[in-house]
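Chemist: need coordinates for the below:
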Amino acid sequence: MKCHEQSPAATGKSSNGEEPAPRSSSCEQVGNSDVAKREKKNVIRARILVTLILLMAVCVVATFTYLLVDSEERSNFESQFAGYASEVVTVSREKTSQLFNALDAFSVSVSSQAAGELQLLNSSWPLYSIPDWSVRTQRLAELTGVKNPYLTFVPIVHQDDRKAWEDFANDAYPILYQDAIEKEGNKGGKTARDFLEKTIPFIFDADLETYDVFPSPGDGIMLPTFQQYPLDFFPLVPIMQTNYNYLSEKQAVDLFQITQAVMGPTIASFSILVDLETRAAGSQIMQPIYDRADTNDEDRKMVGMIVLQLHWLDYFKNLFLEENSDDGIIVVLKSFCPINLNSELDPTEHTISHDTVVTYQIDGSNAIVLGDEDLHDAKYDSLEVAETFIDLGIDESKVPEGLCVPTLTLHVYPSEKLEEKFRTSNRIIYTAVVVIIFVFTVLVFLLYDFVVGRMQRKIMDRINKQDMIVANVFPSTIRDRLYQAQGNALQHRQPVNETVKRLGFKNESSGMESAPLADLFPNTSIVFADIAGFTAWSSAREPQQVFILLENIYGALDGIAQRLAIFKVETVGDCYVGAAGLPDPMDNHAVVACEFAREALEKMKDTTHQMVASLGPDTAALDLRIGIHSGQVTAGVLRGERSRFQLFGDTMNTASRMESSGERGRIQVTQATADLLTEAGFGAKWLIPRNNAIFVKGKGEMQTYWVMGKEDVA
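Modeler: Numbers count the residues shown, from 1 in each chain. Here you go, the predicted structure:
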């Protein structure tokens, strides 16, 4: 069985006994095979380059397409948000303007109507109740678009008028309660008497933490709650809010002082309420009522207040004109209130501010509270739309020291929900289309490349087959010389038969006309390894089993030979022939040959034991009998019908005699080989002299040596 030459690597040991180090031979192929391989590499490089260029083009164009579509969607998103933000600001301002205009009209209407009625009744403020209070309040809510308004009428009562007003109010409450029940609808089955029973009959203050009730001290001016919408108790205790002195609250006192000072409507900084789920923040708006309706009359006096408790959550509901818009707009409501502090000792003006923030999310006709802080997504800062929507334009110089009239601003941002609405799959689709087009282009290129490559592969297959045949028959040095001769023939365009003649092969027309390819190798070690017991074993096996065994054993030996740079000469029946020191010279050829033999014995045992299950238990009894001799050999190409590389000489015969006269499982070497091992420093470690000299045909008696195996040395 012939095999092509494996890549060589030799091992050996130096005189100091160190393990052999691998060495590689300089076997470089030339000729048609190398040219074909180089050209194939160039074609592969070109193919890879073109493919990479196409892939880069795909990536660039796909990325550009994706970014372009994404930019368009982003632009549409920002444009839509700008429209929503503009609508939020515009509608908020309009509602605010409508609210203050409606409150002013409400005040003028009350002043005008009261002036006439009080004159007919020969009465005066504060002994007056506003007719149709519930109807007017409901109408106000419809005009302003504010849902669930909490409106209160508080007359200004001086201490001198307190008794008269308390009597007037207690007489009016039955009528006012009944009217409120009829106008406002169901009050949980409560009647006017139920409300009267829970009404404190005098102006009172209350501790809002304990809800302890006590008569208002009445120092100066009082603002008792008289008419309210909706009619209701205090939030936590069943006591009517009527007759409750509004000025018992610090914020109310500040608001009233500002209203008196500026003689116009004011708004308080909004406060955070407890119920965050429904009404997170609210502001109080105080609209004064005058004794005269003429707004140009500088002598008119304030006689009462309309106090509107505005809940901003209700305010932002139904803000959008499109009821089906549920895109999620974030509105951050901020109240900025600068307070001027002047000191008589330090005339320098100091300013501090009181800011309050609440965040809402508007979803069409609905709104929810997100929290009492700025909770917008910071990634949308660049899209912020900030506008002032409540600024009463009050002259700050008229505001009492330490007080302020807040400025309310809206800060509008988009939400992730709104952006997702514009995040379509178009960018993926368009990008995929571009990628598909480029993939199609690549496929066309690959198809063309395949057609051209198929033709090239046919040529390469033929070249490789020829190269493999030559490599299996000849060692690298002979093969290189054959390739070189063939290259020269092609370069000079010689016919094939001329090339064959130059290479030394038999020419059918002219016979042997050129010198043969042969060399003398003076320093070699020849290994003969015979399978002991093979003849008896093979006679009881099927042909397939015989070849299974041989292929496994010889394959294992080939692996060792390849690693140790042993040249496989041939296999003759069950005998494996190898050589160390050719075709590339090797200084430690005897060491390498013995190392090969030692590993071959160990590998033989492993291989046969592994095949017991498939080839029978007696397979494990097979072993190698190995003989080695060192000397010179003649090697070359034996021309003829089946030219091949062969070795000749006494060294071959002697190595064969060492094998045939040896013992199974052992390695027998001649004195020449033993001397080389001793020189290399392995004699004492590896060699055991054979007890008796042996008779060798053609040689007479010879002293031989056993080489210990790896297990023996270990």
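Chemist: most remote residue from this structure's center?
Modeler: Asn122 (83.3 Å; Cα atoms, centre = their mean).
Chemist: which regions of the stretch 401-550 of the chain sit below the pLDDT cut-off?
Modeler: By pLDDT under 70, the low-scoring segments of the stretch 401-550 of the chain are 468-473, 476-477, 481-514.
Chemist: all strands for it, in order.
Modeler: Applying DSSP state E, counting those that start in this stretch to the stretch 401-550 of the chain gives strands spanning 407-414, 518-532.
Chemist: do the same with the stretch 51-200 of the chain
Modeler: Along the stretch 51-200 of the chain, the segments classed as strands by DSSP E, counting those that start in this stretch run 150-155, 157-158.
Chemist: and the shortest one, what does it pack against?
Modeler: Under the contact criterion of 3 or more Cβ pairs under 8 Å, 6 or more residues apart in numbering; DSSP states H and E, the helices and strands touching strand 157-158 comprise strand 221-222. Placement of C-beta: from N, CA and C, glycine included.
Chemist: after the strand it packs on, which helix or strand is next?
Modeler: Sequence order places strand 227-229 as the next helix or strand after strand 221-222, per DSSP states H and E.
Chemist: tell me which helix or strand comes right after that next one.
Modeler: helix 250-262.
Chemist: need the contact partners of that next one.
Modeler: Helix 250-262 has contacts (Cβ atoms under 8 Å, 6 or more residues apart in numbering) with 223, 246-247, 265-266, 268, 271, 284, 286, 288, 302, 305, 307, 394-395, 398-400, 403, 405.
Chemist: now with 10 Å?
Modeler: For helix 250-262, contacts defined as Cβ atoms under 10 Å, 6 or more residues apart in numbering pick out 154, 156, 221, 223, 245-247, 249, 264-269, 271, 284-288, 302, 305, 307, 392, 394-400, 402-405.
Chemist: can you name the next helix or strand after that helix?
Modeler: Per DSSP H and E, the first helix or strand lying C-terminal to helix 250-262 is strand 266-267.
Chemist: could you check how far Gln466 is from Lys147?
Modeler: Counting by Cβ to Cβ, to the nearest Å, the separation of Gln466 from Lys147 is 96 Å.
Chemist: er, Val110 actually
Modeler: Using Cβ to Cβ, Val110 is found at 23 Å from Lys147.
Chemist: so what's Val358 bridging to?
Modeler: On the basis of DSSP bridges, Val358 is bridged to Leu333.
Chemist: OK, contacts around Lys40?
Modeler: Here Lys40 is in contact with Gly453, Gln456, Arg457, Met460, Ile463 (Cβ under 10 Å, 6+ apart).
Chemist: quick one: which of the strands of the stretch 51-200 of the chain is nearest Asp232?
Modeler: For these, proximity to Asp232 was assessed by Cβ to Cβ; strand 150-155 is nearest, at 8.7 Å.
Chemist: partners of the closest one, with directions?
Modeler: Next to strand 150-155 in the sheet, as set by DSSP bridges, lie strand 227-229 (antiparallel), strand 302-311 (antiparallel).
Chemist: export those strands to JSON lines and tack on mean pLDDT, distance to Asp374 and mean neighbour count?
Modeler: Output for the strands paired with strand 150-155, formatted as JSON lines (pLDDT from 0 to 100; distance: least, Cβ to Cβ, whole Å; neighbours: other Cβ atoms under 10 Å):
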{"stretch": "strand 227-229", "mean pLDDT": "90", "distance to Asp374": "33", "mean neighbour count": "23"}
{"stretch": "strand 302-311", "mean pLDDT": "90", "distance to Asp374": "20", "mean neighbour count": "22"}
